[in-house]
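Chemist: Just to be clear, the model below is a prediction. Sequence and coordinates:
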Amino acid sequence: MTADQLKSFFQKEGATYEESELATGTKFRCSGGEIFVTYNTGKLVIQGKVTELTKKVRALLAPTAAAATPAVAVAASPAQTSLSSSPIFIVYGHDTNARNDLELLLRQMGLAPVVLQNLPPGGDTIIEKLEAYVGPRGTVGFACVLLTPDDEGYKKGAHHDAKSRARQNVVLELGMVLARLGRRNVAILKQELVERPSDIDGLIYIPFTNRVQEGTLKLLQALNAAGYECETDALG
């Protein structure tokens, strides 16, 4: 679905929205808390609140609905129905620079990152928002977890052996996305010197020293293995 097709649909439904240009597409933030991102490749990613409007847009993407709705010509292409259309959830701590770098990197790959801070308030708690995206009815297909040295910790009485650790909320959310998405669909970007929160075999750890971009190749490999088709032209 193109941006013009989506705007035509919004006009028909009487929906109000704010439009912003992205490097690889257009983002629409509707007044009801719905978020739609159209990409130049024809992909459409739906985020934000699940409302009647989002249900109608999803119906447009169904092959049968597309054939019956000539006003908005939508073809069910592989790009729309593949895993690549599923958003990528970002788990992060206090390092906003690392979070911003990761969000930009994913957008350069033609993917749709979900950052809690950018979601409409809506009165939900952080855990409720997370569950809405990675719970049984969520649309997220993959998660990137940033382990940055935000805290220090040590065994009781061994303060001399303090180690850099990720925030406790990051460790909690890591467990949640692992339980929901599975190890294959979670990539952990671990900054140098940060203590691993778990010894679980099979987790994908991607190390970096200063910038998230140092792990670009391994992140691409993890996403490809999970079924995502990533754009690489803008990665340099």
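Modeler: All right, it came through fine. Residues are numbered from 1 along each chain as shown.

Chemist: which residues does residue 37 bridge with?
Modeler: Note on residue 37: beta-bridge partners residue 27, residue 45, judged by DSSP bridges.

Chemist: For it, give me its contacts.
Modeler: 22, 25, 26, 27, 28, 44, 45, 47, 112 (Cβ atoms under 8 Å, 6 or more residues apart in numbering). C-beta: built from backbone N, CA, C; applies to glycine.

Chemist: hmm, try it at 10 Å
Modeler: By Cβ atoms under 10 Å, 6 or more residues apart in numbering, the contact set of residue 37 is 3, 6, 20, 22, 24-29, 43-47, 85, 87, 107, 111-113.

Chemist: could you flag which of those are buried?
Modeler: Buried subset of those (neighbour count, 16 or more other Cβ atoms under 10 Å): 3, 6, 24-29, 43-47, 85, 87, 107, 111-113.

Chemist: Would you mind giving the domain segments of this protein?
Modeler: Domain segmentation of the chain under automatic domain parsing yields 3-79, 83-235.

Chemist: For residue 149, see how far away residue 98 is.
Modeler: Distance of residue 98 to residue 149, given as Cβ to Cβ, to the nearest Å: 10 Å.

Chemist: same check, this time on residue 137
Modeler: 35 Å.

Chemist: So for these two, which sits in the more crowded spot?
Modeler: residue 149 (19 against 9; other Cβ atoms under 10 Å).

Chemist: Checking the more buried one next. Helix, strand or coil?
Modeler: coil (DSSP: H, G, I helix; E, B strand; the rest coil).

Chemist: Specify the beta-bridge partners of the nearest residue to it once chain neighbours are set aside.
Modeler: Spatial nearest neighbour of residue 149, excluding adjacent residues (Cβ to Cβ, 6 or more residues apart in numbering): residue 164 at 3.6 Å. Counting by DSSP bridges, residue 164 is bridged to residue 152, residue 194.

Chemist: and residue 117, helix, strand or coil?
Modeler: Put simply, residue 117 is helix when judged by three-state DSSP.

Chemist: Now do it, the pLDDT please.
Modeler: Looking at residue 117, its pLDDT is 77.

Chemist: Same question for residue 112.
Modeler: Residue 112 is given a pLDDT of 89.

Chemist: all numbers from here: first residue = 73
Modeler: Taking 73 as the first residue, the last one we looked at is residue 184.

Chemist: quick one, what contacts it?
Modeler: Here residue 184 is in contact with 94, 96-97, 99, 107, 109, 111, 115-119, 156-160, 178, 211-212 (Cβ under 10 Å, 6+ apart).

Chemist: Now it: closest residue in space that isn't a chain neighbour?
Modeler: residue 117 (3.9 Å).

Chemist: so who does the one you found touch?
Modeler: 97, 99, 107-111, 152, 156-160, 183-186, 211.

Chemist: same thing with residue 219?
Modeler: Contacts of residue 219 (Cβ under 10 Å, 6+ apart): 163-165, 167, 170, 236-239, 242-243, 246, 260-263, 266-269, 277-280.

Chemist: at 6 Å instead, please
Modeler: Applying Cβ atoms under 6 Å, 6 or more residues apart in numbering, one finds that residue 219 lies in contact with 238, 262, 266.

Chemist: Output those as TSV; include the columns distance to residue 229 and pLDDT.
Modeler: Formatted as TSV, the contacts of residue 219 follow (distance: Cβ to Cβ, whole Å; pLDDT from 0 to 100):
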residue	distance to residue 229	pLDDT
238	23	86
262	27	93
266	22	89
